[in-house]
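**Student:** pasting the structure only:
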């Protein structure tokens, strides 16, 4: 089989007819399938149902230090919840603050604090003429949404197989004090599934920054979200806190994690870890904002997940559900597209996404074709700041929500759309 | 009995000896009692324990519209949770947004949005040379803490028996566009227990504001928190939304309420109601900040409290616990202080506080004496912006947390401290 771009116009026209016919059969099925967001499937959610029953009576509603979980107080989280989340954040409990259900909310509020109040005595970012963030691409659309909301200029740098292009990052932040931060999903990245190498982590920690208040927003969203149980098939990430401390930049990072994809996306707990100085400042500020987050739900998590081993055991159950889905996506892409030149895709060992790179200038068309056939994908361009993928190429596949049979149906449609859009593009040329 | 200020120096000296002796007996008891914060007592928290069991299985974890409560989404709250909270907010469900566990957090974030982004097209407050808030005093210390954090100038106006001194409020806001808001606890106010009269609500809604983006922060924290069951013994509050709409200022208010003192302070749900325009803008902005709040907990509240009648029935149980505590406080103040001229105090029909006005210049000393004797009160001055009570007179009594016998012990100490501090002051003169 020749790649599509080696075909003659006649061959492409014939192929287009066949693909158009196939596409019409999908449209006729009136499908309603969704591969848009990184949402766990129902069977994954069922894994955590026992968590709702771990506090059967009022005598259980007491923290280890005697605090009544139901009443006001404990702004920075229960000690036992800090210990649990510290294990996810690779950090010590005293560096952890536990919040409500959303790490996105913590990231937004953390940026907001820097924006309005500044951090550790530096000028509030809102008072600067220009604020810029480094944005490894493809990346997480909601990160870009936050910086966009503040009017922060987002400068993309490429993601390589071991993390962001550090030559580019270093060049930017060393020479322009407007650069105040970088968005990172350092393990099983969204969407590429990349885990930063030790060298990349060390370069981020030690690089020269023109802005002394430069901050790494380290969204370790998938830290325990392996697809395979064998340690040799699991990615390992160097701790950014340790690396920053060793490099003499102990305040450079904010780490974030949550149980959104461990227990319940809508009713998990989220946490931040940072240096002692950063934590002290954040606690002071957040003490004005709230009297404390939901301690009952924090305790539920502690009783249900217990510790790092408990989390690992629980995540293995998630992995058992997710492995076949990722395998199916890879198999169908392989069977449908291998040798066609119609795209390349990631083969992640964890996380929630497969990153698909279609031929330049076809991503929007592919997503639009899929949508018309009843298959909702993440919008093309969403993985770039301002939804602007300069190559109109990257598409994020989120295979976790649909049951296997629906996923198969959706991927059939997707593969057909990829081929059809590619043929259309080649015929235009 | 003569009032203390009619006594001779000799009489006061004799009285001081007796009070000092009484005070010493309290100190010797090594008490540890707390009347500092408006926290429900343990027996109140026990009332809501059945709420933790209303979702026994995964088939129950579904919203009325079919949404899986456990997964991501529904940024503005479940429809049934909006309906429930609408009943507390005197509003229509479509004007309501349901959040996480803290109305303080909503108020902070609401002010933050005005600060950073402006509201409905107006200049962000952070970009103005001067921003001022009207602060009825005595008031809620955490409100003042929020405006203080932003560096907003807080201008106190007196609270009368029917609400803020509106002549003063109108004078301020009509002539100075730096005034952007007013803090209000309009029903069973913190700490005075005052409910705004219809006339006051209408004047707030219709007053001329130099700033077109002036906002009433209407913290209806005690809307269903009556102490008496008979309707004629319950305060009624005119709806600010209706009043603002009728006055042609439909966007002037943000209403807040929560179930913190209905179910669990640490694990309740909080909500905001506002005009359609305000709600649309808030939803747009908060969609960047979070994917949604804890819908499982929202549903728990719906299933447990059901509706306005369910809330009223539940609050009657709280009232049955709280009435004897408020009665005891009043009785002990009456028995200990009537006719002495050592203070006046509120007799609220709802809410969480008794406001005590001690003789000028004695509040700090009273609270300090009580503290040394093992009775923690809210700090003197806390009911004023920047903790600055110009008369050093107002003390907030929070009688809800201690069991009755502890409350009695604490009030004995308090009464003694009031008298001792007053005698000390008179002897100084």
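**Tutor:** Structure's in. What do you need? It should be emphasised that the depicted structure is a prediction, and the values quoted were computed from it without experimental measurement.

**Student:** how about stretch A:73-91 and chain B, touching?
**Tutor:** Yes: judged by C-beta under 8 Å from any C-beta of the partner chain, stretch A:73-91 comes into contact with chain B through A:73-74. (Each C-beta comes from the backbone N, C-alpha and C, glycine too.)

**Student:** would you mind checking the average pLDDT for that stretch?
**Tutor:** Mean per-residue pLDDT for stretch A:73-91: 97.

**Student:** ok, and for it, which residues are buried?
**Tutor:** If you call a residue buried by 16 or more other C-beta atoms under 10 Å in any protein chain shown, then stretch A:73-91 has these buried ones: A:74-91.

**Student:** now do stretch A:94-109
**Tutor:** Using 16+ other C-beta under 10 Å as the test for burial, stretch A:94-109 gives A:95-109.

**Student:** out of these, which are inside strands?
**Tutor:** Secondary structure defined by DSSP state E assigns A:96-98 of these to strands.

**Student:** I'd like to know which elements the worst-scoring helix or strand of chain A on mean pLDDT is packed against.
**Tutor:** Within chain A, no helix or strand scores below strand A:33-35, which has a mean of 94 by mean pLDDT, DSSP states H and E. Packing partners of strand A:33-35 (3 or more C-beta pairs under 8 Å, 6 or more residues apart in numbering or on different chains; DSSP states H and E): strand A:375-377, helix A:404-428.

**Student:** and these: which comes nearest chain B?
**Tutor:** Among those, the nearest to chain B by C-beta to the nearest C-beta is strand A:375-377 (13.7 Å).

**Student:** around chain B, pick out the residues from the stretch 201-350 of chain A.
**Tutor:** Within the stretch 201-350 of chain A, the positions lying close to chain B (C-beta under 8 Å from any C-beta) are A:260, A:264-267, A:285, A:288-297.

**Student:** and of those, the nearest to residue B:51?
**Tutor:** residue A:296 (10.1 Å; C-beta to C-beta).

**Student:** among the buried residues of stretch A:73-91, name the ones in helices.
**Tutor:** Among those, DSSP state H puts A:79-88 in helices.

**Student:** now distance to residue A:187 too, for these, in CSV please.
**Tutor:** Output for these, formatted as CSV (distance: C-beta to C-beta, whole Å):
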residue, distance to residue A:187
A:79, 26
A:80, 25
A:81, 22
A:82, 21
A:83, 21
A:84, 18
A:85, 16
A:86, 16
A:87, 15
A:88, 11
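
**Student:** looking at the residues you listed, which one is closest to chain B?
**Tutor:** Using C-beta to the nearest C-beta, these come closest to chain B at residue A:81, 12.2 Å.

**Student:** grab the nearest non-local neighbour of that closest one.
**Tutor:** residue A:298 (3.8 Å; C-beta to C-beta, 6 or more residues apart in numbering or on different chains).

**Student:** pairing partners for the least confident helix or strand of chain A, with directions?
**Tutor:** Using DSSP bridges, strand A:33-35 pairs in its sheet with strand A:375-377 (parallel).

**Student:** can you give me the buried ones in the biggest strand by length in chain A?
**Tutor:** Secondary structure of chain A per DSSP E: the longest strand is strand A:153-160. Neighbour counts over strand A:153-160 (16+ other C-beta under 10 Å) mark A:154-157, A:159 as buried.

**Student:** between those residues, which is nearest residue B:40?
**Tutor:** Nearest to residue B:40, judged by C-beta to C-beta, of those is residue A:154 at 46.1 Å.

**Student:** residues contacting that closest one?
**Tutor:** Contacts for residue A:154 were tallied using C-beta atoms under 8 Å, 6 or more residues apart in numbering or on different chains; they are A:132-133, A:135, A:144, A:147-148, A:385-386.

**Student:** with neighbour count and pLDDT added, can I get those in JSON lines?
**Tutor:** Converted to JSON lines, the contacts of residue A:154 look like this (neighbours: other C-beta atoms under 10 Å in any protein chain shown; pLDDT from 0 to 100):
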{"residue": "A:132", "neighbour count": "21", "pLDDT": "98"}
{"residue": "A:133", "neighbour count": "25", "pLDDT": "99"}
{"residue": "A:135", "neighbour count": "25", "pLDDT": "98"}
{"residue": "A:144", "neighbour count": "24", "pLDDT": "98"}
{"residue": "A:147", "neighbour count": "23", "pLDDT": "98"}
{"residue": "A:148", "neighbour count": "17", "pLDDT": "98"}
{"residue": "A:385", "neighbour count": "23", "pLDDT": "98"}
{"residue": "A:386", "neighbour count": "13", "pLDDT": "98"}
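
**Student:** mind checking which of these land in helices?
**Tutor:** Taking DSSP H, the ones among those that sit in helices are A:144, A:147-148.

**Student:** roughly how far apart are the spatially most central residue of chain A and residue A:394?
**Tutor:** By C-alpha atoms, centre = their mean, chain A has its centre lying nearest to residue A:190, at 4.0 Å. Going from residue A:190 to residue A:394 by C-beta to C-beta, to the nearest Å gives 12 Å.

**Student:** what's the answer for residue A:14, then?
**Tutor:** Relative to residue A:394, residue A:14 is positioned 29 Å away (C-beta to C-beta).

**Student:** returning to that earlier point: nearest to residue B:208 among the buried residues of strand A:153-160?
**Tutor:** Taking C-beta to C-beta as the measure, residue B:208 lies nearest residue A:154 of those, at 43.2 Å.

**Student:** not counting sequence-adjacent ones, nearest residue to that closest one?
**Tutor:** That would be residue A:385: by C-beta to C-beta, 6+ apart, it lies 3.6 Å from residue A:154.

**Student:** show me what contacts the one you found?
**Tutor:** By C-beta under 8 Å, 6+ apart, the residues touching residue A:385 are A:135, A:137, A:139, A:144, A:147-148, A:154, A:156.

**Student:** these into a markdown table, with extra columns for distance to residue A:372?
**Tutor:** Below are the contacts of residue A:385 laid out as a markdown table (distance: C-beta to C-beta, whole Å):
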| residue | distance to residue A:372 |
| --- | --- |
| A:135 | 31 |
| A:137 | 27 |
| A:139 | 27 |
| A:144 | 26 |
| A:147 | 32 |
| A:148 | 28 |
| A:154 | 31 |
| A:156 | 30 |
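
**Student:** identify the farthest-apart pair in these.
**Tutor:** Across these, no pair lies farther apart than A:137 and A:148, at 13.9 Å, counting by C-beta to C-beta.

**Student:** which of residue A:14 and residue A:394 has more residues huddled nearby?
**Tutor:** residue A:394 (22 against 13; other C-beta atoms under 10 Å in any protein chain shown).

**Student:** could you measure from that one over to chain B?
**Tutor:** Distance of residue A:394 to chain B, given as C-beta to the nearest C-beta, to the nearest Å: 22 Å.

**Student:** equivalent analysis for residue A:305, please.
**Tutor:** With the distance defined as C-beta to the nearest C-beta, residue A:305 ends up 16 Å from chain B.

**Student:** circling back to that earlier point, which SSE is immediately downstream of the least confident helix or strand of chain A?
**Tutor:** Using DSSP states H and E, the helix or strand that follows strand A:33-35 towards the C-terminus is helix A:42-46.

**Student:** neighbouring contacts of that next one?
**Tutor:** With contact meaning C-beta under 8 Å, 6+ apart, helix A:42-46 is reached by A:264, A:318, A:321-322, A:400, A:403, B:58, B:61, B:68, B:70-71.

**Student:** in PyMOL, how would I select the buried members of those?
**Tutor:** Here is the PyMOL command that picks out the buried ones among the contacts of helix A:42-46, judged by 16+ other C-beta under 10 Å:
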select buried, (chain A and resi 264+318+321+322+400) or (chain B and resi 58+61+68+70+71)
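
**Student:** which pair in the contacts of helix A:42-46 has the greatest spatial separation?
**Tutor:** Farthest pair in these (C-beta to C-beta) is A:322 and B:61. Separation: 20.6 Å.
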